[in-house]
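[1] dropping the sequence and predicted coords here.
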Amino acid sequence: MNKQILLIDENYKTAMVMQIILSEYNVLYAQTKDIGMTTLQETTKVDLVIFDFDIPGMNSSKFIDSLRANYSNIKVLTISNDLNYAKKTLADKQVDGFLQGPIVDQKNIRKEVINILN
């Protein structure tokens, strides 16, 4: 059975590119963290959540806390335009990987996802 990924990103075009890059996985899409949490509640199994650290109005630290409190086994990968700030902000959180945004090359995305899921 294919692994299932939830992608949370406010930019629809970016999300569609990511879905193409990760086409070997079943990729669900949510435009906000709230929609993402609803998707998690309605979905039987998600193996990995990839989210844009820089979504306006989204407190990434609180999002991770909520995610971990309710879905402790899900892996987490965040993408950020300011990777150093994201790593510093989430240093005490259980994040499985970080990628530099906004445009991340295909090989790095696939490599990071494979490493996290295996």
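    Nice, I can see it.
[2] what's the helix-or-strand element of the chain with minimal mean pLDDT packed up against?
    Within the chain, no helix or strand scores below helix 83-89, which has a mean of 83 by mean pLDDT, DSSP states H and E. The elements that helix 83-89 packs onto, with contact taken as 3 or more C-beta pairs under 8 Å, 6 or more residues apart in numbering; DSSP states H and E, are helix 60-70, strand 97-100. Where C-beta positions appear, they are placed from N, C-alpha and C, glycine not excepted.
[3] for residue 34, find the nearest of these.
    Comparison of these against residue 34 by C-beta to C-beta identifies helix 60-70 as nearest, at 9.6 Å.
[4] quick one: the next helix-or-strand element following the closest one to helix 60-70, angle?
    Downstream of helix 60-70, the first helix or strand assigned by DSSP states H and E is strand 75-80. For strand 75-80 against helix 60-70, the angle by axes from the mean of the first three to the mean of the last three C-alpha atoms, to 10 degrees is 170 degrees.
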